[in-house]
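>>> Model the structure of this input:
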Amino acid sequence: MILGLPRGGVVVGAPIAAELSCPLDIIVVRKLGAPGRSELGIGAIAEHGVRVLNDDLIGYLRVSEKYVAEVTERERIELERRVQRYRRGKPEIDLRGRIAIVVDDGLATGFTARAAVLAARERGAREVVLAVPVGAQDTVMALGDLADRVVALSVPKDFQAVGFWYRNFTQTSDKDVLNALSAGGDPSPLND
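Numbering: from 1, shown residues only. Predicted coordinates for the structure are as follows:
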């Protein structure tokens, strides 16, 4: 079972699902951005009530508990919107007793991937494999303690950022995600 993290992980996961002839589903996660620096993740949330926090960074930045609660609620609303949008009323695929391959477009700090792995376990996956094209060395190693296996095609010493390792790292749209999900179970892409 392939579980893509919307948005980029779904389009990376779709050809993997096709190659392995297995179903493609989503596991929705949201980064919790630092005050005034939304791209700097202080943690992440995922479906099934999963939340992971970067306590060291929260302490270093002196982020208040009130802010963490507010950003968590704001991102939970967006998480639910995406679940509704991407699943289109269909139930999530049952993972009990299955191997779940969680796919993202890359690993920087790894907090969204950490939340996704925990959410896959909450859904009952027998084994969780985390698969990415590229990842920061320390993050790949740290996630090896959480996932049953981590597969990273490239683990460069001078990582810098996920987008640095792509020729084209433009924002993946909701339409791109829906098309990839559609192709996972239906050969005709969506037109909306």
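>>> need the longest helix for the chain.
For the chain, the longest helix by residue count, based on DSSP state H, is helix 65-87.
>>> Show me what secondary structure element comes after that one.
Next along the chain after helix 65-87, taking DSSP states H and E as the criterion, comes strand 99-103.
>>> Which neighbouring elements make contact with that next one?
Using 3 or more Cβ pairs under 8 Å, 6 or more residues apart in numbering; DSSP states H and E, the elements in contact with strand 99-103 are strand 2-4, helix 8-20, helix 111-122, strand 127-134. Using the backbone N, CA and C atoms, a C-beta is placed for each residue, glycine as well.
>>> Does anything pack onto the strand or helix carrying L181? Which helices or strands?
Of the helices and strands defined by DSSP H and E, L181 is found in helix 174-185. In terms of contacts (3+ Cβ pairs under 8 Å, 6+ apart), helix 174-185 is packed against strand 2-4, helix 8-20, strand 24-26, helix 65-87.
>>> okay, now Q171: neighbour count?
Q171 is flanked by 7 other residues according to other Cβ atoms under 10 Å.
>>> of all the helices and strands packed on strand 99-103, which gets the most neighbours per residue?
Of these, the one with the most neighbours on average (mean count of other Cβ atoms under 10 Å) is strand 2-4, at a mean of 30.
>>> Could you tell me the angle between the longest strand anywhere in the chain and helix 65-87?
Ranked by number of residues, the top strand in the chain under DSSP state E is strand 37-46. For strand 37-46 against helix 65-87, the angle between stretch directions is 70 degrees (axes from the mean of the first three to the mean of the last three Cα atoms, to 10 degrees).
>>> Output the helix or strand just after strand 37-46 in PDB with nothing but the alpha carbons.
For strand 37-46, the succeeding helix or strand toward the C-terminus, using DSSP H and E, is strand 50-53. What follows is strand 50-53, C-alpha atoms only, in PDB (Å, rounded to 0.1, in the frame of the first residue of the first chain):
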ATOM      1  CA  VAL A  50      -1.300  12.600  15.600                       C
ATOM      2  CA  ARG A  51       0.900  15.600  16.600                       C
ATOM      3  CA  VAL A  52       4.600  15.700  16.900                       C
ATOM      4  CA  LEU A  53       6.500  18.700  18.200                       C
END
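>>> Which of the residues in the helix or strand that strand 50-53 is followed by are classified as buried?
Moving toward the C-terminus from strand 50-53, the next helix or strand (DSSP H and E) is helix 55-61. Neighbour-count burial for helix 55-61 flags 57-58, 61 (criterion: 16 or more other Cβ atoms under 10 Å).
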